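Novice: all I have is the shape, not the residue letters:
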């Protein structure tokens, strides 16, 4: 079946602009995660959605970052007033209820100029 | 909060040799330990995982061992092949937080 998809695959934006990144999880997966991966670095947890529970936002680096999820479907990660240090690949992952395994999307490469 | 340390950051081996990557975690409540492989420019993919109720798990050329007392776990790759070259990430999660905390990654290079 279809895996996790993300759009856009690449985004170049000017410093100070807002960006929206989209994640389409695997159908039926109740959990959805966002991670940030800077060049040559590890995966940094940002936010986690599980069903209708309040999201775990403990990884968001500043109040310029926010995310929403509609039910158990699409999620959007919004970065306001982008800074050059926001340049990274943003990865989304989803997970079914009965499993720990996370399935990753291809990521969105964000470049802030 | 949970912290996961991973060593080494880079590892070079000759084809056919074994490779070992080690991780330590801080949260004693952690009970799930996956390993992900990320090839250049691609998404991370799960290669093996272990739960806290077992000490070792093997899948063909890869194996993972867990020492809960010492709070460390390791990935072992035997008979390495050039296609094993990638960045490997360990991670830890606990049932009460439900989120993965990743190590910083190990870049493995297998030379033919």
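Specialist: It's in. Keep in mind that this is a model prediction, so the values were computed, not measured.

Novice: so residue B:48 belongs to a strand, correct?
Specialist: Yes. Under DSSP: H, G, I helix; E, B strand; the rest coil, residue B:48 falls within a strand.

Novice: so what pLDDT did the nearest residue to residue A:104 once chain neighbours are set aside get?
Specialist: Excluding the flanking residues, the one nearest residue A:104 by C-beta to C-beta, 6 or more residues apart in numbering or on different chains is residue B:43, at 4.2 Å. C-beta here means a position set from N, CA and C on the backbone, and glycine is covered the same way. Residue B:43 carries a pLDDT value of 92.

Novice: got a list of what residue B:43 touches?
Specialist: Shown in contact with residue B:43 (C-beta atoms under 8 Å, 6 or more residues apart in numbering or on different chains): A:91, A:104, A:105, A:106, A:107.

Novice: tell me the residues of chain B that contact chain A?
Specialist: Residues of chain B found near chain A (C-beta under 8 Å from any C-beta of the partner chain) are B:1, B:6, B:32, B:34, B:42-46, B:49, B:89, B:93, B:97-105.

Novice: which of those are buried?
Specialist: Buried members of the residues of chain B next to chain A, counted by 16 or more other C-beta atoms under 10 Å in any protein chain shown: B:6, B:32, B:34, B:43-44, B:49, B:89, B:93, B:97-105.

Novice: okay, now residue 3: neighbour count?
Specialist: Chain wasn't specified; assuming chain A. Residue A:3 sits with 13 neighbouring residues when counted by other C-beta atoms under 10 Å in any protein chain shown.

Novice: switch to chain B, that's the one I care about
Specialist: Neighbour tally, residue B:3, other C-beta under 10 Å: 11.

Novice: do I have it right that it meets residue B:101?
Specialist: Yes. Taking contacts as C-beta atoms under 8 Å, residue B:3 lies within contact range of residue B:101: 7.0 Å.

Novice: which residues are in contact with both of the two?
Specialist: With C-beta under 8 Å, 6+ apart, residue B:3 and residue B:101 have common neighbours residue B:25.

Novice: quick one: the helices in chain A?
Specialist: In chain A, no helices are found when defined by DSSP state H.

Novice: what is the helix or strand of chain B with the lowest mean pLDDT packed up against?
Specialist: Within chain B, no helix or strand scores below strand B:101-102, which has a mean of 91 by mean pLDDT, DSSP states H and E. Strand B:101-102 sits against strand A:44-50, strand B:86-94, with contacts defined as 3 or more C-beta pairs under 8 Å, 6 or more residues apart in numbering or on different chains; DSSP states H and E.
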